[in-house]
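> generate a structure from the sequence data that follows.
(chains A, B and C)
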Amino acid sequence: MALKQSDSVQKSRAVPRLIAVGIIVMCLIALERSHVLSSSVILILDYIGIYSICVIGINLVNGYLGVFSLAHAGYMAVGAYASAIASKYYFTEEWMFPASILIGGLAALIFGIIVAIPSMKVKGDYLAIITLGFTLILQSIFQNMSFVGASQGMNDIPKFTNIYWIFGCLLLSIYVVTTLINSKFGRSINAIREDQTAAMLVSVNVKRIKITVFAISAFLIGISGALISHLLAYTSPAAYGFSNIVEGLIMVYLGGVGSITGAIFGSAAWQLIIQLFKDFGTWRWVIGGSMLCIIMVILPKGVFGYKEIGGVVRDLLQKVRDYRVKRKESDNV
Amino acid sequence: MYENDLISLQNACMYFGGVKAIDDLSFNVKRGSIMGIIGPNGAGKTTIFNVITGVYTPTSGNIRFLDRSLNKALPHEITGDGISRTFQNIRLFESETVLNNLKIASFAHTNYGLFATFLRTPRFRKEEARIDRECREILALLNLSDYAESIAGSLAYGVQRRIEIARALCCKPQVILLDEPAAGMNPAEIDDLNQLILRIREALNLTIIVIEHQMRLVMGICDEILVVNFGKKLAQGKPEEVKSNEQVLEAYLGKAKG
Amino acid sequence: MNIIIQQLINFLQLGSIYALVAISFSMVYGIAGLVNFAHGSIFGVSMYVLFFVSTLLFKTIKSTWLVYVAALTVACVVTSVVALIMERVAYKPLRNAPKISVVVSSVGVGMVLEYLLLNIAGSRALRMPSLIPKIRINFAGLPIPLYKILIVVIAILAMVILNIVVKKTRLGTAMRAVSQDPVAAGFMGISTSRVISYAFVFGAVLAAIAASLYGTAYSIFSYNVGDSIIWWSFIAAVLGGIGSIRGAVLGGYLIGAISVISPIVLPVSSYKDIVAFAVLIIVLLIKPTGLLGKNESEKI
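Numbers count the residues shown, from 1 in each chain, chains lettered A, B, ... in the order given. Down below sits the predicted model:
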């Protein structure tokens, strides 16, 4: 009966899930405070955290809603630039950092709504190319805007980002997406993914849901952009082009579509690959590409496709229990 | 249009390029009645449902529901406001549970917003509990309670047909449009379906329009029958009247020679 | 006047290359139903094969024509083999998987190929030897390089031959059948997987021809040469209606026109991307399946 699942059960799981993540974060904080971890390890954790937020955002549209969008690099660029401008000129104190993050997220959110509009009419590969166009147009605009340093990019952005902000934002993202998915909005998102026309004809307001999902997705990706620009202290248009789009896709589909666990797993796995194979230079991209193919061939929906860690563990325990029962029965015979 | 008429089409036309799927069609549906729509394949029957539910905007003419015009309304507004439907080819959300299929259809009258969703306010809990209860009641009404937690796509064809009706009922409709609900059923199953349709009409005060080829259903439960051919009305009346109408016989059986 | 003619020829040259790559892209899409993100790398592979083979041959053979034909033949064979391996390893096992998985897999293959090129051949830019003699011919009192005319001629010739193959031969009929309904085509005794393999080979050969023309026209290239050309061709294919050969040609020349005209009209050259994408987005909003794409209306 592994197939059975009910909403009332899922709802009660949201809280333990959050507590579990909270404990992990506490451990990380303890480790960071006690200086057990070297700064390079902390940096890897920073990246994992930031990209987890980004990938959770991408997953909302590409996984849960089932729309193949390539706009994420664009949102990230908007978030990075908007927040950088904010904290360079307006919110210059460290305690004002949340305001900059918020501005990054909201600026991206506006672009999310803009991208949502063609998604009503245009579908599939055609929409993919529109979203790609959106990203590349933004990149081109940033390249030509002298106000933000044109192709040189912006330097001397205050280094406000630290592991606390990152994991605070990550927790918030997880909370937002979990609550959204376990509500009438989440059910409607699933319905639209499976059959948009049928959803419309059972009273689901498809337009509103799509705009909401695109907006929240862009908001989260914008936040990750804000965090990364304040971590590296610079931002340049070259960072938000095609390779960034591909990297986002890799993390989403590696971890698994439609899953928060998958988003975190995907970002962690990919960041670790990049860091561990650093000595291989550009060969690591060959390794990464092959891994992507292999995972798609073995697990077309990614490692945690439409599954969360809780569900996977539960299924495993159930299987172990079934196996034991069977063993007992055969012993008795 | 009388007080009693719930849905009325006035000179409705639906053209696709040169194809006249519906051509100057007018009819009224009385509150509480069951109207059957019959006609040869390709006569434009499903298109009638599609213009009523807003999938297509009629080329000309008027479609009214009570005192509202449906011409410009969007599908989700129409289905949320009281007209829901099933599909000729079953279109359930196959990888969702049966209960979730029904909850999805409760979207329009689940009253909470994003704010309540994120903060899990008491209102959110109350509404979720209410939707859960109501959907289970509908399942019970259609004898589907056992399937509540099953994945919709894994169930037998006949069960899926009933789930589709249940899902349509979760939109809280005043009118329900059934598109060939008896397709592929044997006489015994059709008799069961007839009983079920009469039962839900009674229990939920429904008006029903049904497209069907199976005469056992049409003649068994319909108060009035509309016969269409080439998008035009061929005849309308009580089952007995339609049965003996010569034009109808001609359309179905061909012209008698001699 | 001279400038207009020169720009016209530039437009025809660029448009022909885009059109050719767009067709090769569209073929695979139309028949295998797959947006092949690795196609740019196939283009890149052909460039390198052409470069190495022609450089090698020029040491012994002096005739440019002979070298061109020989290098192109080798490039066609190599890219076809690469495309076939790619299809067998990364796409075929995913035939029944969700469409997105195949697209992601193709992104992976593209990455592998591109970075293999980088690691094997290095990141420095190379100069393609001239494969077509540098002769100028007089046209209306204007000396026009022969290669520019030949590029257009070869591209159009390739398109015409492809059109004949698709319209008139047994294989072409099978291809059209598979592109319309692979399951039904299978029931009619057509080997779907063989037809798909052919589509990949055709796509690779067209990409190799396009690469030879691109190399002749612009000569300088590096490992990521496929990226930009494939994006523009992808856009061209989508603009014209992906899966349609005529659409790909139309889209290719349109994108060519935009690339040639916008730098003249606009102050900053990179704004041509914005113009091209803006045109694309407007077209798709009005006609969601491209200019010549079939409107798919859903049956309810």
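
> from here on, contacts and neighbour counts on C-alpha atoms
OK.

> which residues of the stretch 1-150 of chain B lie near chain A?
Residues of the stretch 1-150 of chain B found near chain A (Cα under 8 Å from any Cα of the partner chain) are B:53, B:75-80, B:84-85, B:91-94, B:97, B:100, B:103-108, B:110, B:114, B:117-118, B:120, B:149-150.

> and those, which of them are in strands?
B:84-85 (DSSP state E).

> restrict the residues of the stretch 1-150 of chain B next to chain A to those near chain C?
Among those, proximity to chain C is found for none (Cα under 8 Å from any Cα).

> how close does the residue lying closest to A:R187 once chain neighbours are set aside sit to C:M175?
Excluding the flanking residues, the one nearest A:R187 by Cα to Cα, 6 or more residues apart in numbering or on different chains is B:I104, at 5.8 Å. Here the criterion is Cα to Cα, to the nearest Å. By it, B:I104 lies 41 Å from C:M175.

> which residues of chain A lie near chain C?
A:68, A:118, A:121-123, A:125-126, A:129-130, A:133-134, A:136-137, A:140, A:246, A:249-250, A:253, A:282-283, A:285-294, A:296-297, A:300-301.

> from the residues you listed, list the buried ones, please.
A:68, A:118, A:122-123, A:125-126, A:129-130, A:133-134, A:136-137, A:140, A:246, A:249-250, A:253, A:283, A:285-294, A:296-297, A:300-301 (16 or more other Cα atoms under 10 Å in any protein chain shown).

> backbone dihedrals for the residue most central in space within chain B, please?
With distances taken as Cα atoms, centre = their mean, the residue of chain B nearest its centroid is B:L177 (1.3 Å). B:L177 has phi and psi values of phi -110, psi 120 when expressed as degrees, to the nearest 10.

> run a quick neighbour tally on the closest residue to it other than its chain neighbours.
Spatial nearest neighbour of B:L177, excluding adjacent residues (Cα to Cα, 6+ apart): B:R85 at 4.4 Å. Neighbour count of B:R85, defined by other Cα atoms under 10 Å in any protein chain shown: 28.

> and B:I37, by the same measure?
23.

> shouldn't it be in contact with B:Q214?
No. Counting by Cα atoms under 8 Å, B:I37 stays clear of B:Q214, with 11.0 Å between them.

> show me what the lowest-mean-pLDDT helix or strand in chain C is packed against.
Least confident helix or strand, chain C: strand C:136-139 with a mean of 76, by mean pLDDT, DSSP states H and E. Secondary-structure packing of strand C:136-139 (3 or more Cα pairs under 8 Å, 6 or more residues apart in numbering or on different chains; DSSP states H and E): strand C:142-145.

> in the helix or strand where C:V102 lies, which residues are buried?
Element membership for C:V102, per DSSP states H and E: helix C:99-121. The neighbour-count check on helix C:99-121 (16+ other Cα under 10 Å) flags C:100-118 as buried.

> stretch B:35-54 too?
B:35-39, B:43-54.

> tell me the SS of the closest residue to B:K232 other than its chain neighbours?
Closest residue to B:K232 apart from its sequence neighbours, by Cα to Cα, 6+ apart: B:D23 at 5.3 Å. Under DSSP: H, G, I helix; E, B strand; the rest coil, B:D23 falls in the strand class.

> which residues does B:D23 contact?
B:11-15, B:230-232 (Cα atoms under 8 Å, 6 or more residues apart in numbering or on different chains).

> and the furthest pair within the residues you listed?
Put simply, by Cα to Cα the two of these set farthest apart are B:N11 and B:F230, 14.7 Å from each other.

> compare these two (neighbour count), which wins?
Neighbour count, other Cα under 10 Å: between B:N11 and B:F230, B:F230 has more, with 18 against 15.

> quick check: the gap between the nearest residue to the more buried one once chain neighbours are set aside and chain A.
With sequence-adjacent residues excluded and distances taken as Cα to Cα, 6+ apart, B:F230 is closest to B:A43, at 4.7 Å. From B:A43 over to chain A the distance is 22 Å, taken as Cα to the nearest Cα, to the nearest Å.

> just give me the longest helix of chain C.
helix C:2-32 (DSSP state H).

> just chain B next, same as before
If you go by DSSP H, chain B has its longest helix at helix B:122-141.

> give the other helices and strands that that one contacts.
With contacts defined as 3+ Cα pairs under 8 Å, 6+ apart, helix B:122-141 has these neighbours: helix B:98-105, helix B:114-119, helix B:157-169.

> now the angle between helix B:98-105 and it, please.
Angle between the axes of helix B:122-141 and helix B:98-105 is 120 degrees (criterion: axes from the mean of the first three to the mean of the last three Cα atoms, to 10 degrees).

> list the buried ones in helix B:122-141?
Using 16+ other Cα under 10 Å as the burial criterion, the residues of helix B:122-141 that qualify are B:124, B:127-128, B:131-132, B:134-139.

> and the closest residue to B:K243 other than its chain neighbours, how many neighbours?
Among residues not flanking B:K243 along the chain, B:L249 sits closest, at 7.7 Å (Cα to Cα, 6+ apart). Neighbours of B:L249 under the rule other Cα under 10 Å: 14.

> not counting the helix or strand harbouring B:L249 itself, show me its contacts.
Following DSSP H and E, one finds B:L249 within helix B:246-253. Applying Cα under 8 Å, 6+ apart, the contact partners of helix B:246-253 are B:39-40, B:227, B:229, B:234-235, B:242-243, B:256.

> looking at those, which is nearest C:F43?
B:P40 (54.4 Å).

> isn't that closest one up against B:V227?
No. Here B:P40 lies out of contact with B:V227, judged by Cα under 8 Å, at a distance of 9.0 Å.

> shaky segments in the chain?
In the absence of a named chain, chain A is used. A:1-15, A:17, A:333 (pLDDT under 70).

> that's the wrong chain, I wanted chain B
B:1-3, B:253-258.

> report the contact partners of B:F107.
A:184, A:188, A:203-204, B:171.

> change it to 7 Å
Counting by Cα atoms under 7 Å, 6 or more residues apart in numbering or on different chains, B:F107 touches A:184, A:203-204.

> out of these, grab the one that's most surrounded.
Most surrounded of those: other Cα under 10 Å gives A:V204, at 31 neighbours.

> where does it land in three-state SS?
A:V204 ends up coil, using three-state DSSP.

> from memory it sits against B:H76, does it?
Yes. Contact criterion Cα atoms under 7 Å: A:V204 and B:H76 qualify, at 5.7 Å.

> can you pull the buried residues of stretch B:81-100?
Within stretch B:81-100, judged by 16+ other Cα under 10 Å, the buried ones are B:81-88, B:90-100.

> how about the longest helix of chain C, does it reach chain A?
No. Helix C:2-32 stays clear of chain A (Cα under 7 Å from any Cα of the partner chain), getting no nearer than 10.3 Å.

> mind listing what's buried along that helix?
Across helix C:2-32, burial judged by 16+ other Cα under 10 Å covers C:7, C:9-32.

> need the mean per-residue confidence for that helix.
In this model, helix C:2-32 carries a mean pLDDT of 87.

> how close does the residue in the stretch 1-150 of chain C positioned nearest to chain B get to A:F68?
Nearest to chain B in the stretch 1-150 of chain C, going by Cα to the nearest Cα, is C:P98, at a distance of 14.2 Å. For C:P98, the distance to A:F68 equals 12 Å [Cα to Cα].

> how about the strands in the stretch 201-300 of chain C?
C:220-221 (DSSP state E, counting those that start in this stretch).
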